[in-house]
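Colleague: sharing a model that was predicted from the sequence below.
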Amino acid sequence: MTRFPFVAGLMLASASMAQAEDLPVLTVYTYDSFVTDWGPGPAIEAAFEEVCACDLEFSGHGDGAALLARLMLEGPRTQADVVLGLDTNLIAGARETGAFAEHGLEIVHDLPIEWEDATFVPYDYGYFAFVGAAGDAMPASIEALAASDLSIVIQDPRSSTPGLGLLMWVEAAYGDRSGEIWEALADNIVTVTPGWSEAYGLFLEGEADLVLSYTTSPSYHIIAEEDASKAALIFDEGHYMQIEVAAKVAASDQGPLADQFLAFMLSGGFQDVIPTTNWMFPAVLPEGGLPEGFADPAEVGEALYLDPEVAQAVREGAIAQWRAALSQ
């Protein structure tokens, strides 16, 4: 048997490895669920590598709010070129660090609000909601939930963007009564998890009646599992809107490649996979619209939202109220 085909194969493999090693690497820090097999990471990685002549590496680090803390801890030694997974409740503080560079893009989007930020690029949005069993009689407000016997799992606002979003939701809906609401809600809380994945997993395991998630979460069960047993509670006071963003790290040595990735985020190669992988509303609506069975953003009624500077101003006080209520 001739060895030539085998030798040729080895030579081709070696050449491919050498070429791969020569490709520039773009490192994107993001949250854990983004890089799972069922998340958007794998499809986006494949699509971007087709156009970038690079090696895109996603690096998962907990939940969204933990990303900024990690970047600050690493300082100029960070391996991150882009951070993907902050949101509007965090970007005022993130901007103050000086760790991010402006993107230079003209952003065309389908967000429900105007967007003129020169540093942070939006890639999806959603509305926080408590998710439970479909068909059950459920409270119609956070205050009514606090007065009920229903058990809930939430996320830590110091490490999780949904956890912080719940604090902003209570703040936007109840203002001066926020502390009172948290005191009433405290005995409903079974546990507080570091991030969304852990909380949703506990809910699915039956550890609580409800979990803090998104109005779009039941769409996953309907579309991916053909399971209509989950529903988002729609509250009279409205639902707090989250806009997720990415930004280029100022210390990155892959600036042009980071810019290319940020521009790619607003294209179909990125946006089209968001609804059925990240289970959020895309920042740019796909040409074919949202998938059949996907949630309608109009279902939330009133959309609650705090400007980034306002969210930053009330954040520490809201966390202090939350901690005080849970420690009683």
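Modeller: Here it is on my side, so go on.
Colleague: give me the phi and psi for the residue nearest the centre of the chain.
Modeller: Geometric centre of the chain, nearest residue: Gly85, 5.1 Å, by Cα atoms, centre = their mean. Phi and psi for Gly85, reported as degrees, to the nearest 10, are phi 130, psi 0.
Colleague: I figured it hits Ala246, correct?
Modeller: Yes - the pair Gly85 / Ala246 is scored as a contact, 7.4 Å apart, by Cβ atoms under 8 Å. Any C-beta I mention is one placed from the backbone N, CA and C, and that applies to glycine too.
Colleague: any idea how many residues pack against the residue lying closest to His103 once chain neighbours are set aside?
Modeller: Nearest non-adjacent residue to His103, counting by Cβ to Cβ, 6 or more residues apart in numbering: Leu262, 5.1 Å away. Leu262 has 22 neighbouring residues, counting by other Cβ atoms under 10 Å.
Colleague: hmm, back to that, ok, the residue nearest to the centre of the chain to Arg158 distance?
Modeller: Distance from Gly85 to Arg158, counting by Cβ to Cβ, to the nearest Å: 15 Å.
Colleague: next one: Leu166
Modeller: 12 Å.
Colleague: which one's more surrounded, those two?
Modeller: Leu166 (24 against 16).
Colleague: now do the contacts for the nearest residue to the more buried one once chain neighbours are set aside.
Modeller: Excluding its sequence neighbours, the residue lying closest to Leu166 (Cβ to Cβ, 6+ apart) is Leu212, at 5.5 Å. If you count contacts by Cβ atoms under 8 Å, 6 or more residues apart in numbering, Leu212 has them with 128-130, 152-155, 162-163, 166, 199.
Colleague: take the residues you listed and keep only those in helices.
Modeller: Among the contacts of Leu212, DSSP state H puts 162-163, 166, 199 in helices.
Colleague: dump these to TSV, plus distance to Asp296 and pLDDT.
Modeller: Shown next, in TSV, are those (distance: Cβ to Cβ, whole Å; pLDDT from 0 to 100):
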residue	distance to Asp296	pLDDT
Pro162	21	94
Gly163	26	96
Leu166	22	98
Ala199	24	96
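Colleague: show me the helices in the stretch 1-150 of the chain, by range?
Modeller: Using DSSP state H, counting those that start in this stretch, the helices of the stretch 1-150 of the chain run over 4-22, 41-52, 64-74, 91-96, 142-146.
Colleague: what do you get for the stretch 201-328 of the chain?
Modeller: 217-225, 255-264, 268-271, 308-327.
Colleague: name the residues that touch the second one?
Modeller: When contacts are taken as Cβ under 8 Å, 6+ apart, the neighbours of helix 255-264 outside the stretch itself are 24, 26, 28, 47-48, 51-52, 54, 56, 81-82, 101, 103-105, 121, 246-249, 252, 270.
Colleague: any low-confidence regions in the protein?
Modeller: Where the chain drops to pLDDT under 70, the residues are 1-21.
Colleague: how's it carved up into domains?
Modeller: 24-125+242-282, 126-240+297-327 (automatic domain parsing).
Colleague: ok, which of those comes nearest Leu290?
Modeller: domain 24-125+242-282 (5.7 Å; Cβ to Cβ).
Colleague: how long is the closest one end to end?
Modeller: Taking Cα to Cα, to the nearest Å, domain 24-125+242-282 runs 28 Å from one end to the other.
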